[in-house]
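K.L.:
quick check, what structure comes out for this input:
(one chain, ligands or ions: 2)
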Amino acid sequence: MQNIFEKIDNSESINQAIKKSDKNQSIIIKGWIHRKRSSGKKIFIILRDATGTIQCVADKNNLIEKEWNELDSAFIESSAVVTGIIKKDVRAPTGFELTVTSFNILSNNENQFPITEYQSTEFLLDVRHLWLRSQKMINIMKARSYIFKYAREFLDKNNFFEITPPLITQAGGETGANLFELNYFNQKAYLTESSQLYAEAMIFALERVYSFAPSYRAEKSRTTKHLAEYWHLEPEIAYFNNKQNMELQENLVSYIIQEFVKNNEDLLIFFNLDKNYLLNIKPPFKRISYEQAIENLNNKGADKKWGDDLGVEDEKLLTDDEQKPIFVYNWPKEIKAFYMPINPDDPRTVLCSDLQAPKGFGEIIGGSERIWNANELIERMKEKNLDLNKYSWYIDLRKYGSVPHAGFGMGIERVIKWILNLDHIRDAIPFPRLINRVTP
Ligand code: 4AD
Ligand code: MG
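P.N.:
Residues are numbered from 1 along each chain as shown. Ligands and ions are numbered 1, 2, ... in the order given. Modelled structure (predicted):
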């Protein structure tokens, strides 16, 4: 008899094993007990691993007593190694069934698994470390991993270098109003709200860079699209203007979606996604000015004045009948960040754009050209009451070989929520950090 470690070494994934269903040969699989029911002398389990699930049926007469007892006492989500023969079986949930010849528990749970069928959302968030094993979360996490991969792949194909910024900083990258403060060896420092300023420093070395890192926002927002910690993809490009910036954004978004649809038929089915809607997400995306956006909103019954920022409800109204994302460009300078250059054609506005996902999903990207003249930058920073000392290194960049440049930031959980049509952004990240939640 093989010992359990030998069995693990000789085992294969459920996906691979299923491919041998016509070979009538003994195979070993391992995983977690996803479901279990028994009818006297027979026990049915659904075994789950990272690749899939399969129904296994054990007959008391065909197992040695010790193994039968192990199986009989096994709780849901215990880990096990199962030996047997796989055959096609239309009655089994995934179309295949394994007849068990040997069963070894790896670790039986101390207690019944705490998650049963009907649980409140709050409870499921409390036991997130265990809920991540649910089919829904498994599939979201697979999709997330692929979306990360396609984003990196696109940037790699477009000759970008991936850089790694510091996450602890004294120079807030945006408004500075939503920074998490920390005690850094008796100095004040913050968790970064954007890696943009550091990405800017690196274009003078590498020209086309991106960072893909967490950003932190101490926003007191209880919406379905705000996280306190989110993953932020931030490309920054030397010699780029706002027009080129928008083109890069639409190509990136479209690449991610086209690759996702092309390679993940199973996930499209699981999430019940509209393939044609997704396949249609191709450049060019519609571009409207901020001014036009305000006009459109008012035509749809809103009451917005020039200068107002757009809230969640405005974003919904603006895009609810759109099929593709739309850019809203050139916003009033008062409601945008200090580093955005004045629009020479309308000095009330700055050269920037937000990308709004369709059907009311809201902003997924914010981007702009960057001021590249030191005096202009200092002037804007004073207007915004920023402490110039904290940004001296950033101003320096404009004093030594400055070049025009632009970049943008994409909130990857917003993109995941949109593509997978999730109700809430907290499900797009394994361990969400929300205003009322920092554990598990
Ligand atoms: O529009 P934001 O604040 O822009 C910046 O941070 C720029 N420095 C980016 C750059 O140009 N490099 O944030 C960019 C994106 C938003 O469009 C949104 O997708 C996401 O980050 N985001 C959030 N995602 C989840 N939770 C939050 N609280 C978010 N705040 C912003
Ligand atoms: Mg923004």
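K.L.:
residues near the nearest residue to Leu420 once chain neighbours are set aside, how many?
P.N.:
Distances taken as CB to CB, 6 or more residues apart in numbering put Phe271 closest to Leu420, at 5.1 Å, once the chain neighbours are dropped. (C-beta placed from N, C-alpha, C; glycine too.) Using other CB atoms under 10 Å, the number of residues around Phe271 comes to 16.
K.L.:
cool, and Glu6?
P.N.:
Neighbourhood size, Glu6 [other CB under 10 Å]: 11.
K.L.:
distance of Lys359 from ligand 1?
P.N.:
As for Lys359, its distance to ligand 1 is 16 Å (criterion: CB to the nearest ligand atom, to the nearest Å).
K.L.:
before we move on, the earlier item: measure the residue nearest to Leu420 to Ala143 for me?
P.N.:
From Phe271 across to Ala143, the span is 8 Å (CB to CB, to the nearest Å).
K.L.:
give the residues shared as contacts by those two.
P.N.:
Residues touching both Phe271 and Ala143 (CB atoms under 8 Å, 6 or more residues apart in numbering): Leu420.
K.L.:
quick one, what contacts Pro283?
P.N.:
The neighbours of Pro283, taking CB under 8 Å, 6+ apart as the test, are Glu247, Glu250, Asn251, Ser254.
K.L.:
surely the third one meets Phe154?
P.N.:
Spelled out, that is Asn251. Yes - because the distance of 7.3 Å satisfies CB atoms under 8 Å, Asn251 is recorded as touching Phe154.
K.L.:
who's more crowded, those two?
P.N.:
Just comparing Asn251 and Phe154: by other CB under 10 Å the higher neighbour count belongs to Phe154, 20 against 15.
K.L.:
which phi and psi does the more buried one have?
P.N.:
With angles defined as degrees, to the nearest 10, Phe154 sits at phi -60, psi -50.
K.L.:
do Arg208 as well
P.N.:
Here is the backbone geometry of Arg208 (degrees, to the nearest 10): phi -120, psi 110.
K.L.:
near it, how many other residues are there?
P.N.:
Neighbours around Arg208, by other CB under 10 Å: 20.
K.L.:
anything in stretch 211-230 near ligand 1?
P.N.:
Yes - legend: contact between stretch 211-230 and ligand 1 by CB under 6 Å from any ligand atom is shown at Arg217, Glu219, His226, Leu227, Tyr230.
K.L.:
how about the residues you listed in TSV, adding neighbour count, pLDDT and secondary structure?
P.N.:
Compiled in TSV, the residues of stretch 211-230 next to ligand 1 are given as follows (neighbours: other CB atoms under 10 Å; pLDDT from 0 to 100; DSSP: H, G, I helix; E, B strand; the rest coil):
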residue	neighbour count	pLDDT	secondary structure
Arg217	22	96	coil
Glu219	14	88	coil
His226	19	95	coil
Leu227	23	97	coil
Tyr230	20	98	strand
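K.L.:
three-state assignment of the closest residue to ligand 1 within the stretch 251-400 of the chain?
P.N.:
Each residue of the stretch 251-400 of the chain has a distance to ligand 1, by CB to the nearest ligand atom, and the smallest belongs to Gly366, at 2.6 Å. Of the three states, Gly366 takes strand according to DSSP: H, G, I helix; E, B strand; the rest coil.
K.L.:
state the distance from it to Glu193.
P.N.:
From Gly366 across to Glu193, the span is 12 Å (CB to CB).
K.L.:
these two: which has the busier surroundings?
P.N.:
Using other CB under 10 Å as the criterion, Gly366 and Glu193 rank with Glu193 on top: 23 against 20.
K.L.:
okay, and that one sits in which element?
P.N.:
Glu193 is located outside every helix and strand, with elements delineated by DSSP states H and E.
K.L.:
so where is the chain shaky, pLDDT-wise?
P.N.:
Residues of the chain meeting the criterion pLDDT under 70: 1, 173, 175.
K.L.:
for it, what lies in contact range of ligand 1?
P.N.:
Within the chain, the positions near ligand 1 by CB under 6 Å from any ligand atom are 173-174, 194, 196, 217, 219, 226-227, 230, 232, 234, 363-367, 407-411, 413-414.
K.L.:
so among those residues, which ones count as buried?
P.N.:
Burial by neighbour count, judged by 16 or more other CB atoms under 10 Å, picks out 173-174, 194, 196, 217, 226-227, 230, 232, 234, 363-367, 407-411, 413-414 from those.
K.L.:
one step back: check contacts around the residue nearest to Leu420.
P.N.:
Here Phe271 is in contact with Asn139, Ala143, Leu420, Asn421 (criterion: CB under 8 Å, 6+ apart).
K.L.:
count of neighbours near the second one?
P.N.:
Counted with other CB under 10 Å, the neighbours of Ala143 add up to 21.
K.L.:
for the helix or strand containing it, name the packing helices and strands.
P.N.:
When elements are assigned from DSSP H and E, Ala143 belongs to helix 135-157. For helix 135-157, the elements it packs on are strand 208-216, strand 229-238, helix 242-263, helix 265-270, helix 412-420, judged by 3 or more CB pairs under 8 Å, 6 or more residues apart in numbering; DSSP states H and E.
K.L.:
and the next element down the chain from that helix?
P.N.:
Taking DSSP H and E as the definition, the helix or strand right after helix 135-157 is strand 161-163.
K.L.:
so for that next one, what gets flagged as buried?
P.N.:
In strand 161-163, the ones that count as buried by 16+ other CB under 10 Å are Ile163.
K.L.:
same for it, what does it pack against?
P.N.:
Using 3+ CB pairs under 8 Å, 6+ apart as the contact criterion, the neighbours of strand 161-163 among helices and strands are helix 196-206, strand 208-216.
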